[in-house]
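[1] Compute the structure for the input listed below.
(one chain, ligands or ions: 1)
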Amino acid sequence: MIAIGADHAGYEIKEKIKTLLKTMGLEFQDFGTNSTESTDYPDYAHLVAQSVGAGKSEYGILVCGTGIGMSIVANKHNGVRASNVESVDAARLAREHNDANVLALGARLTPWEKAQEIVKTFLTARFEGGRHQRRIDKIHTLTNL
Ligand code: RB5
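    Purely as a prediction, here's the structure:
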């Protein structure tokens, strides 16, 4: 299951991502928003991040104007590793090295042609584990402070 959400700035890209996920044969849950009417990105980022953090969704995809606000909110949730990504290489590395489980996209900064490649790459690249797992473990513990 993939949790997906957007604010007004990301609404149109979110709808296109839903079509893409259908063609990829992937199940998703849409947490809104449902129009281009002005709204607040934390409302949707919290819902998507909750779903991922609770293990109800394997991945989350969030879209706002820049992806920045969405990623800030999502990263406040336990178990969530959100990455604000603007390139295909960063999407691949976010999965391979960081085991990112939430992708945050900026609709105003990323044309759809690139955004769809980013989504496809994020959902197909695999975490490499090994030394990266040790680093992931350190993200979620405060024992090194
Ligand atoms: C909305 O204008 C904009 O601030 C929002 O979509 C997002 O870019 C925030 O990070």
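[2] What residues of the helix or strand encompassing Lys120 count as buried?
    Using DSSP states H and E, Lys120 sits in helix 112-124. Using 16 or more other C-beta atoms under 10 Å as the test for burial, helix 112-124 gives Ala115, Gln116, Ile118, Val119, Thr121, Phe122, Leu123. C-beta: built from backbone N, CA, C; applies to glycine.
[3] and of the residues you listed, the nearest to Ala3?
    Closest approach to Ala3 among the buried residues of helix 112-124 (C-beta to C-beta): Leu123, at 12.6 Å.
[4] isn't that closest one right up against Phe28?
    No - look at Leu123 against Phe28 with C-beta atoms under 8 Å: they stay out of range, at 10.6 Å.
[5] Now the common contact residues for these two.
    Shared contacts of Leu123 and Phe28, defined by C-beta atoms under 8 Å, 6 or more residues apart in numbering, are found at Ile2.
[6] What is the helix holding Lys120 packed up against?
    If you count contacts as 3 or more C-beta pairs under 8 Å, 6 or more residues apart in numbering; DSSP states H and E, helix 112-124 packs onto helix 11-23, strand 59-64, helix 88-96, strand 102-106.
[7] how does it look with 6 Å?
    Under the contact definition 3 or more C-beta pairs under 6 Å, 6 or more residues apart in numbering; DSSP states H and E, helix 112-124 sits against helix 11-23, helix 88-96.
[8] Closest to the centroid, which residue in the chain?
    The centroid of the chain falls nearest to Leu103 when counting by C-alpha atoms, centre = their mean (2.0 Å).
[9] Just the buried residues of the least confident helix or strand in the chain by mean pLDDT, please?
    One helix or strand of the chain scores below all others by mean pLDDT, DSSP states H and E: helix 131-139, with a mean of 94. For helix 131-139, the neighbour count (16+ other C-beta under 10 Å) marks Ile136 as buried.
[10] Using CSV, write out every CA atom in that helix.
    The C-alpha trace of helix 131-139 is given here as CSV (Å, rounded to 0.1, in the frame of the first residue of the first chain):
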residue,chain,number,x,y,z
ARG,A,131,26.7,-0.3,6.5
HIS,A,132,23.7,1.7,5.6
GLN,A,133,21.5,-0.3,8.1
ARG,A,134,23.9,0.7,10.9
ARG,A,135,23.4,4.3,10.0
ILE,A,136,19.6,4.0,9.7
ASP,A,137,19.6,2.4,13.2
LYS,A,138,21.4,5.5,14.5
ILE,A,139,18.8,7.8,13.0
